[in-house]
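Student: after the sequence you'll find the predicted model.
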Amino acid sequence: MNGSRAVITVEALSKSRTGVPVLANICLTVAEGSVTVVVGSSGSGKSTLLRCLNGLETFDFGAVAIAGHRLSAGPHAPQLLEHVRRDVGMLFQQFNLFPHLSVIENVVLAPRVVLRLTAEESRARGLALLDRVGLRAFAEARPATLSGGQQQRVAIARALAIQPRVVLFDEPTSALDPAMSADVLDVIVDLAGSGQTMVVVTHDHDFARKAAAWVVQIDAGKIVRQGLVDEIFQPT
Ligand SMILES: Nc1ncnc2c1ncn2[C@@H]1O[C@H](COP(=O)(O)OP(=O)(O)O)[C@@H](O)[C@H]1O
Ligand SMILES: [Mg+2]
């Protein structure tokens, strides 16, 4: 935290699945314009935490304030979730592009529906975003003709299309080979430099360093350490 406004505040969040604790007393603050990297071994609860932040999963205790919305323990009202989706973008390991739509159609779908932009407005926005991820030339292509790394960059453009206040990335490069990962991480580093608030689950230390991230380490559902990237990842 560097004193700027908080976009996410998690207060004492706990969650169990079938009686087994998955997240325990998570307290976390994400400052506007900052990059937070979440690390931890497989099964430690990283994805569950991200999914609790945008209401994809419910939790049992505590509260989440995100982009001006407040999620409480228990079920979330559908209308609240709609509002959260409008302000919070999410990216998964699998890109989940619509195969029957072109690249540009994938990118502009959400702004067309959610923000009710005209076809012209949303196309202009979509092309600018494809430019930003280096894929403008592929606007009319089908996703299947692109590499995995290119598809993930389209997914990033799609997530940005609603101009979210915060974007959550869940291991965005873990399904990609190293060369493709590098291209995707460069795009995310570029985003970080532009002041986009992000929470990124990744094991990539270089990315964390380049993005000057605040690192949160989770183990067995608990935050065991957090601090600036250089404090948490000692040089090797
Ligand atoms: N849909 C699910 N149903 C039941 N248990 C799950 C489900 N998803 C995850 N879990 C369990 O919750 C725990 C945390 O998982 P997860 O948040 O996916 O961890 P991570 O992303 O750090 O690998 C693990 O013990 C996992 O097995
Ligand atoms: Mg996970």
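Tutor: All right, it came through fine. Numbers count the residues shown, from 1 in each chain. Ligands and ions are numbered 1, 2, ... in the order given.

Student: name the element the residue nearest the centre of the chain belongs to?
Tutor: In the chain, the C-alpha nearest the mean C-alpha coordinate belongs to Leu168, at 1.5 Å (CA atoms, centre = their mean). Using DSSP states H and E, Leu168 sits within strand 166-170.

Student: picking up where we left off before, residues in contact with the residue nearest to the centre of the chain?
Tutor: Leu50, Leu53, Asn54, Val88, Gly89, Met90, Leu91, Met198, Val199, Val200 (CB atoms under 8 Å, 6 or more residues apart in numbering). C-beta here means a position set from N, CA and C on the backbone, and glycine is covered the same way.

Student: kindly report the same for Val103.
Tutor: Counted by CB under 8 Å, 6+ apart, Val103 has contacts Leu97, Leu130, Leu135, Phe138, Ala139, Glu140, Ala141, Arg142, Pro143, Leu146, Val154.

Student: pLDDT score for it?
Tutor: On pLDDT, Val103 comes in at 98.

Student: what pLDDT, on average, does the lengthiest helix in the chain get?
Tutor: In the chain, assigned by DSSP state H, the helix with the most residues is helix 178-193. What helix 178-193 shows for mean pLDDT is 92.

Student: would you mark the buried spots in it?
Tutor: When burial is assessed from 16 or more other CB atoms under 10 Å, helix 178-193 yields the following buried residues: Met180, Ser181, Ala182, Asp183, Val184, Leu185, Val187, Ile188, Val189, Leu191, Ala192.
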